[in-house]
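**Student:** Build the 3D model from these lines:
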Amino acid sequence: MKSKRIVTVMSLVLLAVILAAGPAWGRKPGPTIVEVVIDLNTSADFAGMFDTLIEAIGAADPIVGETLSGNGQFTVFGPTDDAFLDIGQDPNTIGDLDQEVLTDILLYHVARGRRYSEDVLDSEKIRMLNREFLLQDEGTLTDNLGREADIIVLDVEAANGIIHAINRVVLPKAP
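**Tutor:** Residues are numbered from 1 along each chain as shown. A predicted model of the protein is given here:
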């Protein structure tokens, strides 16, 4: 009888530990990258600056949204709406791009790991999720086509990573 009580008590303790550790076992304690971008887009300082990025994430392969809402740690270099306009895209046209091309472009804006500005600025090359590299020099990113993008907002935190806003869309290859 005594051993049954011990097993019952131990089971209850184990259950309490599992419930208390829940966020570490698959649930995020806080907003994800996607949720933060959506929240930023409605805040006073950044209202309407990321409409095209939000539409692009929705139009790309679902793996992009799942990755940016998932459990891993990532760094996103998020282009503003003006950056997308520079390549002729806006919230109404971004979904017209070929999904595979759009997915490759978006994955070229995401790196593994939680990279604060000092980590980014200490790097000369950053490997992106599409397996290509961005070059970095004093806050300026250079893509495979030699196009430059400046980091204009630093260190926006999400539960699953860091977001830095950039003023130009970086491209892994010519469209």
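
**Student:** switch to C-alpha atoms for all contacts and neighbour counts from now on
**Tutor:** Will do.

**Student:** does the residue most central in space within the chain count as helix, strand or coil?
**Tutor:** Nearest to the geometric centre of the chain sits Val76, at 4.1 Å (C-alpha atoms, centre = their mean). Here Val76 is recorded as strand under DSSP: H, G, I helix; E, B strand; the rest coil.

**Student:** how close does it sit to Glu132?
**Tutor:** Val76 sits at a distance of 14 Å from Glu132 (criterion: C-alpha to C-alpha, to the nearest Å).

**Student:** and what of Ile151?
**Tutor:** In terms of C-alpha to C-alpha, Ile151 sits 19 Å off from Glu132.

**Student:** Can you pull the poorly scored residue ranges out of this protein?
**Tutor:** Counting by pLDDT under 70, the ranges of the chain that qualify are 1-28.

**Student:** which residues in this structure form strands?
**Tutor:** For the chain, the strands defined by DSSP state E occupy 74-79, 110-112, 125-127, 133-137, 140-142, 148-158, 161-166.

**Student:** need these in a markdown table with distance to Ala47, can you?
**Tutor:** Formatted as a markdown table, these follow (distance: least, C-alpha to C-alpha, whole Å):
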| stretch | distance to Ala47 |
| --- | --- |
| strand 74-79 | 14 |
| strand 110-112 | 22 |
| strand 125-127 | 29 |
| strand 133-137 | 28 |
| strand 140-142 | 24 |
| strand 148-158 | 14 |
| strand 161-166 | 13 |
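
**Student:** out of the ones you listed, deepest packed?
**Tutor:** Highest mean neighbour count of the strands of the chain: strand 74-79, a mean of 26 (counted as mean count of other C-alpha atoms under 10 Å).

**Student:** So which other helices or strands are in contact with that one?
**Tutor:** Judged by 3 or more C-alpha pairs under 8 Å, 6 or more residues apart in numbering; DSSP states H and E, the packing partners of strand 74-79 are strand 110-112, strand 161-166.

**Student:** Contacts for that strand, please.
**Tutor:** Strand 74-79 is contacted from outside by 50, 53, 68, 109-115, 151, 160-169, using C-alpha atoms under 8 Å, 6 or more residues apart in numbering.

**Student:** what angle sits between that strand and strand 161-166?
**Tutor:** 20 degrees (axes from the mean of the first three to the mean of the last three C-alpha atoms, to 10 degrees).

**Student:** Leu113: neighbour count?
**Tutor:** Leu isn't right for residue 113; it's Gly. Residues lying near Gly113 (other C-alpha atoms under 10 Å) number 14.

**Student:** wait, doesn't it sit right on Gln73?
**Tutor:** Yes. The criterion here is C-alpha atoms under 8 Å, and Gly113 meets it with Gln73 at 4.8 Å.

**Student:** How much space separates Val170 from Gly70?
**Tutor:** For Val170, the distance to Gly70 (C-alpha to C-alpha) stands at 23 Å.
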